[in-house]
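Visitor: Fold the following for me, if possible:
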Amino acid sequence: MSNLTDSLWHIIYVREKWEKKTSVYLQKKGIEFFCPFQKTERPLYNIRIHSDEPVLSGYIFVKTSTDQLRRLKSIPGVLNIVYWLDKPAYIRDEDMSALRGFLNNHSVSRTERIKLNFESHTTLTNILRDNRGSNPAEFITYTSIFEFPAIGYAFIAENIQVDAADYAHIKNTKAPAVKALSVLNA
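Guide: Residues are numbered from 1 along each chain as shown. I've put the predicted structure just below:
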C-alpha cells in the first residue's frame, strides 16, 4: 500500500461500459477511486428503464502514488492512464472535492467539452432566470455550470425550478468560488 502523503488523484481510461466492473476491481484492491454515476431514464418499448449511467463515460479518478498507478493497467477494463506532457496527469484535492460536492448536490443534464488546462482551477457559475413575467405562479429556473478544465469538461445542471422565496436567497448569496449571474426576463 502506498503512503498517503505521495498519493494524488489521477485519471484512468477504461473500456466503454466497464466503469462499474472496473470500480469493483479497484475496490477489491483497496484503491480509493471516484466514478460518478447518476440515475437516468430511457424508454424501452412501452416501459421506462431506470439505470445508473456514468457522468463521465470511460474515465475513473483514482487516488494513488505514481508507482502504483502503472500497476493499475493490469486491472481488467483499464485501457490507459491519462498523461499530460509525458507524465501521468494529476488533479488537485480541492478540485476533486469541488467536483464531488457539485455532483452530490446537482443532477447533471449534460456535459460539454471545454479547453483542457491542467493548471486552471474549477469554476462554478449559477444562472438565475426569472421567466415569471405577469404570472407569479410560474417558477424561476436555475442553471449551474461546473467547469473542470483539468479534464476538459463542463458539467451542466439545467432547469432546476426555484420558488420565489429561494430566489431571493440564491440571488443574494455570494461565495468566493461561485460567480452568481442574474439574467432577468431572458
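Visitor: where exactly do the helices run in the chain?
Guide: 19-28, 66-71, 93-105, 164-172 (DSSP state H).
Visitor: Let me know the distance separating the closest residue to Ile60 other than its chain neighbours from Leu103.
Guide: Spatial nearest neighbour of Ile60, excluding adjacent residues (Cβ to Cβ, 6 or more residues apart in numbering): Cys35 at 4.5 Å. No exception for glycine: its C-beta is placed from N, CA and C like everyone else's. Using Cβ to Cβ, to the nearest Å, Cys35 is found at 11 Å from Leu103.
Visitor: circling back to that earlier point, lowest average pLDDT across the helices of the chain?
Guide: Comparing mean pLDDT across the helices of the chain, the weakest is helix 164-172, with a mean of 58.
Visitor: burial count for the residue nearest to Ile60?
Guide: 18 (other Cβ atoms under 10 Å).
Visitor: before we move on, what about Arg110?
Guide: 9.
Visitor: Contact partners for it?
Guide: 156, 158 (Cβ atoms under 8 Å, 6 or more residues apart in numbering).
Visitor: Domain map for the chain?
Guide: Domain segmentation of the chain under automatic domain parsing yields 1-91, 93-186.
Visitor: hey, least reliable of those by pLDDT?
Guide: domain 93-186 (a mean of 70).
Visitor: Double-check Ala154 against Phe146; I have them as touching.
Guide: Yes: judged on Cβ atoms under 8 Å, Ala154 makes contact with Phe146 at a distance of 6.7 Å.
Visitor: Name the residue in the two with the higher neighbour count.
Guide: Per other Cβ under 10 Å, whichever of Ala154 and Phe146 has more neighbours is Phe146, with 22 against 19.
Visitor: Who does that one form a beta bridge with?
Guide: When bridges are called by DSSP bridges, Phe146 pairs up with Leu124, Phe155.
Visitor: For it, give me its contacts.
Guide: Per Cβ under 8 Å, 6+ apart, neighbours of Phe146: 98-99, 102, 106, 122-124, 154-157.
Visitor: Also Ile60?
Guide: Ile60 neighbours (Cβ under 8 Å, 6+ apart): 11-12, 14, 19, 22-23, 26, 33-35.
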